[in-house]
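>>> Give me a 3D structure for the following:
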Amino acid sequence: MPVSIRDALNSPRDRQWIQAQYPEYLEDLSQMSMNTGIFPATREVQTELMARWFADDSSYPLIILKNDQPAGFALVSRPPRNRRDQVDFRMAEFFIALKSRRLGIGRDAAHLIFNRFAGSWEITEFAYNKPAVSFWRSILTEYTGGKYQERIFNGEVRQTFTSTHKVRAR
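Modelled structure (predicted):
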């Protein structure tokens, strides 16, 4: 069965799954940082972050599925209103569980997400997170045919591009 994405916004079960995976996500980020422990979010902070994801009308929490089973999550967000003339969507968070990596799930999910949210995009990674930088460069080269812009500034790699295929509106 193919990879799919599902809105997590109104699903307590999906929200719980994301909350259960979030410590692994933070651990991954910490492992990729030069200073292990850079993301020392307590359970309270994690709960507060999740509450914002699910309460903010400019956030789109998604579950990434493989064979109808959760394999990861993504958070697509709209930038603040004063930046919407520059970009329509940001990939705020993107995570594939360790056991589901290197199977093409992340690639397929990214394509589905870009197709669903048509418009101008921004993706940002920490420059020292070499696996993330490589992943997004590969995905964007494939998805856009190499038609994306990239700049490196203040330790971040930032890619921008446009997605034109809209599957359905929310």
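>>> Quick check: what element follows the helix or strand hosting residue 63 along the chain?
Using DSSP states H and E, residue 63 sits in strand 59-66. Per DSSP H and E, strand 59-66 leads on to strand 69-77 as the next helix or strand towards the C-terminus.
>>> can you list contacts of that following strand?
3, 5, 8, 14, 17-18, 21, 25, 53, 56, 58-65, 89-97, 100, 105-106, 109, 113, 117 (Cβ atoms under 8 Å, 6 or more residues apart in numbering). C-beta coordinates here come from the backbone N, C-alpha and C atoms, glycine included.
>>> Can you pull the phi/psi pair for the residue nearest to residue 28 when sequence neighbours are not counted?
In this structure, residue 28 finds its nearest non-sequential neighbour in residue 95, 7.3 Å apart by Cβ to Cβ, 6 or more residues apart in numbering. Dihedral pair for residue 95: phi -150, psi 130, per degrees, to the nearest 10.
>>> Any idea what residue 95 is bridged to?
residue 73 (DSSP bridges).
>>> For burial, what's the neighbour tally of it?
By other Cβ atoms under 10 Å, the residues close to residue 95 number 22.
>>> Also the one 10 residues further on?
Here the count is done by other Cβ under 10 Å, and residue 105 has 19 residues near it.
>>> In contact with it: list those residues for me.
Neighbour list for residue 105: 3, 64, 66, 71-72, 96 [criterion: Cβ under 8 Å, 6+ apart].
>>> mind putting the residues you listed in JSON lines, distance to residue 136 included?
Conversion of these to JSON lines gives the following (distance: Cβ to Cβ, whole Å):
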{"residue": "3", "distance to residue 136": "17"}
{"residue": "64", "distance to residue 136": "15"}
{"residue": "66", "distance to residue 136": "20"}
{"residue": "71", "distance to residue 136": "18"}
{"residue": "72", "distance to residue 136": "15"}
{"residue": "96", "distance to residue 136": "13"}
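>>> Output those as JSON lines; include the columns pLDDT, distance to residue 85 and neighbour count.
Shown next, in JSON lines, are these (pLDDT from 0 to 100; distance: Cβ to Cβ, whole Å; neighbours: other Cβ atoms under 10 Å):
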{"residue": "3", "pLDDT": "95", "distance to residue 85": "33", "neighbour count": "21"}
{"residue": "64", "pLDDT": "97", "distance to residue 85": "30", "neighbour count": "26"}
{"residue": "66", "pLDDT": "95", "distance to residue 85": "37", "neighbour count": "20"}
{"residue": "71", "pLDDT": "95", "distance to residue 85": "35", "neighbour count": "22"}
{"residue": "72", "pLDDT": "96", "distance to residue 85": "31", "neighbour count": "25"}
{"residue": "96", "pLDDT": "93", "distance to residue 85": "32", "neighbour count": "24"}
